[in-house]
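>>> Need coordinates for the following:
(one chain, ligands or ions: 2)
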Amino acid sequence: KRVIEVQDLSYRYPDGTEALKGVSFSIDWGTKTVLLGPNGSGKSTLIMHLNGVFLPQKGKVFVDGQEVTKKTEQTVRRKVGIVFQDPDDQVFASTVWEDVAFGLFNLGMQEKEIKERVEEVLKLVGVWHLRNRIPYHLSYGEKKKVALAGVLVMEPEIVVLDEPGTYLDPQGKRELFWMLDELCKNRKTLLIATHDVDLAAEWADKVIILKEGRVLKEGGKDLLLEEE
Ligand code: ADP
Ligand code: ADP
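Residues are numbered from 1 along each chain as shown. Ligands and ions are numbered 1, 2, ... in the order given. Below is the predicted model of the structure:
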């Protein structure tokens, strides 16, 4: 089953920069896809279209068969959780626990269920011991984990991570992969945007190579061998 379908998507910033020029691809349910491309190739701009932060100027985006439009952007946002590159954009409450619980309180969920879900996710991501800390003072790597927890707690079907490996040491990257594989076992669909070829080669089921706002290639990991 296709969970994401992007058709001929183009996007131009107000200053005239054409960030996406007719991008098309699809992502199947339960798979691990890497969107690979150098800085400036359009990865972030594309990601912003997957949960309705940006609406298509030209072309279409479907999530779970539903077209992303002004009308559906709220529903779509519940289905697609994005972990942004810079955790300072995402982590803001006065404790880690509150930060992760924030979205659930907003949904008006019962406190008992919130407690259970937050505990489960903090343990999964490996930041339970940080629950009473002030997010602002955490290390970059710790903040990234808290941001991921805040996304996972909402139980999106599709999890998108923008450059998750930035500043992680080899051990941090291994932990990240382990966790992402656990998520996949939990039937999530995962999309990682990165310029890190090694990360794509190690981890992906499928690779989409983006260059200057266009899809250069799309397919299995063997694509990466051809590149060299
Ligand atoms: P990536 O995530 O692959 O680094 P981006 O989607 O951030 O790529 O950027 C794609 C292109 O759009 C780049 O040329 C970038 O400079 C440009 N761009 C990004 N954000 C803006 C903006 N707010 N205004 C104008 N141009 C932008
Ligand atoms: P550790 O988790 O091992 O204490 P950090 O996650 O704090 O390490 O940082 C790892 C690397 O990322 C360091 O080289 C640090 O300089 C850099 N770094 C930490 N915080 C930021 C940030 N907010 N922006 C950019 N780089 C950062």
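
>>> for the closest residue in space to Leu35 that isn't next to it in sequence, what are its contacts?
Closest residue in space to Leu35, ignoring its immediate chain neighbours: Ala193 at 4.4 Å, by CB to CB, 6 or more residues apart in numbering. Using the backbone N, CA and C atoms, a C-beta is placed for each residue, glycine as well. With CB atoms under 8 Å, 6 or more residues apart in numbering as the criterion, the residues that contact Ala193 are Val34, Leu35, Gly37, Lys43, Ser44, Leu46, Ile47, Val160, Leu161, Asp162, Glu163.

>>> The fifth one belongs to a helix, doesn't it?
To tie it back to what came earlier, the one meant is Ser44. Yes: under DSSP: H, G, I helix; E, B strand; the rest coil, Ser44 falls within a helix.

>>> Next one: it, what pLDDT does it get?
What the model reports for Ser44 is a pLDDT of 95.

>>> Thought Thr194 was touching it, still the case?
No: here Ser44 does not reach Thr194: they are 11.2 Å apart, not a contact under CB atoms under 8 Å.

>>> what residues does the chain put near ligand 1?
Near ligand 1, the residues belonging to the chain are Tyr13, Asp15, Thr17, Ala19, Gly37, Asn39, Gly40, Ser41, Gly42, Lys43, Ser44, Thr45 when assessed by CB under 6 Å from any ligand atom.

>>> For the residues you listed, which PyMOL command selects only the ones that are buried?
For selection in PyMOL, the members of those meeting the burial criterion (16 or more other CB atoms under 10 Å) are listed in this command:
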select buried, resi 19+37+41+42+43+44+45
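
>>> Now render the residues of the chain next to ligand 1 as TSV, adding distance to Gln110.
Output for the residues of the chain next to ligand 1, formatted as TSV (distance: CB to CB, whole Å):
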residue	distance to Gln110
Tyr13	43
Asp15	47
Thr17	46
Ala19	42
Gly37	43
Asn39	44
Gly40	45
Ser41	44
Gly42	41
Lys43	38
Ser44	36
Thr45	38
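
>>> Need the max-distance pair from the residues of the chain next to ligand 1.
Looking at the residues of the chain next to ligand 1 by CB to CB, the two members farthest from one another are Asp15 and Gly37, with 20.7 Å of separation.

>>> Helices along this protein, start to end?
In the chain, the helices defined using DSSP state H lie at 43-50, 73-79, 96-106, 111-125, 140-152, 170-185, 197-203, 222-227.

>>> Report the helix or strand with the lowest average pLDDT across this protein.
Within the chain, judged by mean pLDDT, DSSP states H and E, the helix or strand with the poorest mean is helix 222-227; its value is a mean of 73.

>>> which regions of the protein lie under the pLDDT threshold?
Judged against pLDDT under 70, the low-scoring parts of the chain cover residues 226-228.

>>> what's the residue closest to the geometric middle of it?
Taking CA atoms, centre = their mean as the criterion, Val160 is the residue nearest the geometric centre of the chain, at 1.5 Å.

>>> Can you tell me who that residue pairs with across the strands?
Beta-bridge partners for Val160, by DSSP bridges, are Ile82, Leu191.
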